[in-house]
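[1] Here's a sequence, model it:
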Amino acid sequence: QVQLEESGGGLVQAGGSLRLSCVVSGRPFPNYAMGWFRQAPGKEREFVAGISWSGSSTGYADSVKGRFTISRDNAKNTAYLQMNSLKPEDTAVYYCASDGEFHGGDYYYPTFWGQGTQVAVSS
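    Residues are numbered from 1 along each chain as shown. Okay, here's the model as predicted:
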C-alpha cells in the first residue's frame, strides 16, 4: 500500500522560509515522478512544483518560480519543497503527490496523494 506523508508546515512571517518533506512508503523502486500542489481556502487545488523520477528535471508554477525549489532523495524515498521569500498568498494546505506524468515542466494526473500540511504566512 502506497502512502505519502508530508511534514514541515507551520506558521511563518512574510519573507520567511519553510521546508516541506514528503516520505513515500510502499514503493520498492523510486521510478515515479512527484510533485507538490496546494489549496487555499475557497480556491481549487493548484500545481506548485514537479520533479522527474531521477530529479534531473523540475518545473514550477509561475507564482513560485525563483522562490521555491523542489528536490528529492531517492535513497530516502523523500521529496522536499524548499520555500523561501514566503508571501501571505502562499497560505494554503500543501499536498505531496506521486506517479502520474511529468514532462515539459508540468506534472499531470498523480495517482497517490498525501493528507496535506498547513502553511500559513502572516503579513
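
[2] What residues does the most centrally placed residue in the chain make contact with?
    Nearest to the mean C-alpha position of the chain, by C-alpha atoms, centre = their mean, lies residue 36 at 2.4 Å. By C-beta atoms under 8 Å, 6 or more residues apart in numbering, the residues touching residue 36 are 20, 22, 48-50, 70, 79, 81, 94-97. Backbone N, C-alpha and C define where each C-beta goes, glycine included.

[3] got CSV for those, with secondary structure, pLDDT and distance to residue 118 too?
    Listed next are these as CSV, based on DSSP: H, G, I helix; E, B strand; the rest coil; pLDDT from 0 to 100; distance: C-beta to C-beta, whole Å:
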residue, secondary structure, pLDDT, distance to residue 118
20, strand, 98, 11
22, strand, 97, 14
48, strand, 97, 14
49, strand, 97, 18
50, strand, 96, 21
70, strand, 98, 19
79, strand, 97, 18
81, strand, 98, 14
94, strand, 98, 8
95, strand, 98, 11
96, strand, 97, 13
97, strand, 97, 17
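
[4] Specify which member of those is nearest to residue 41.
    Comparing the contacts of residue 36 against residue 41 with C-beta to C-beta places residue 94 closest, at 13.4 Å.

[5] Give me the residues contacting the helix or strand hosting residue 80.
    Using DSSP states H and E, residue 80 maps to strand 78-83. With contact meaning C-beta under 8 Å, 6+ apart, strand 78-83 is reached by 17-24, 34, 36, 48-49, 51, 64, 67-73, 90, 94, 96, 119.

[6] Stretch 100-108 too?
    33-35, 47, 49-53, 57-60, 97, 109-111.

[7] Filter those residues down to the buried ones.
    Neighbour counting with 16 or more other C-beta atoms under 10 Å marks 33-35, 47, 49-53, 58-60, 97, 110 as buried within those.

[8] TSV please, covering those residues and showing secondary structure and distance to residue 3.
    Listed next are the buried ones among the contacts of stretch 100-108 as TSV, based on DSSP: H, G, I helix; E, B strand; the rest coil; distance: C-beta to C-beta, whole Å:
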residue	secondary structure	distance to residue 3
33	coil	17
34	strand	14
35	strand	16
47	strand	22
49	strand	21
50	strand	20
51	strand	19
52	coil	21
53	coil	18
58	strand	24
59	strand	25
60	strand	26
97	strand	12
110	coil	14
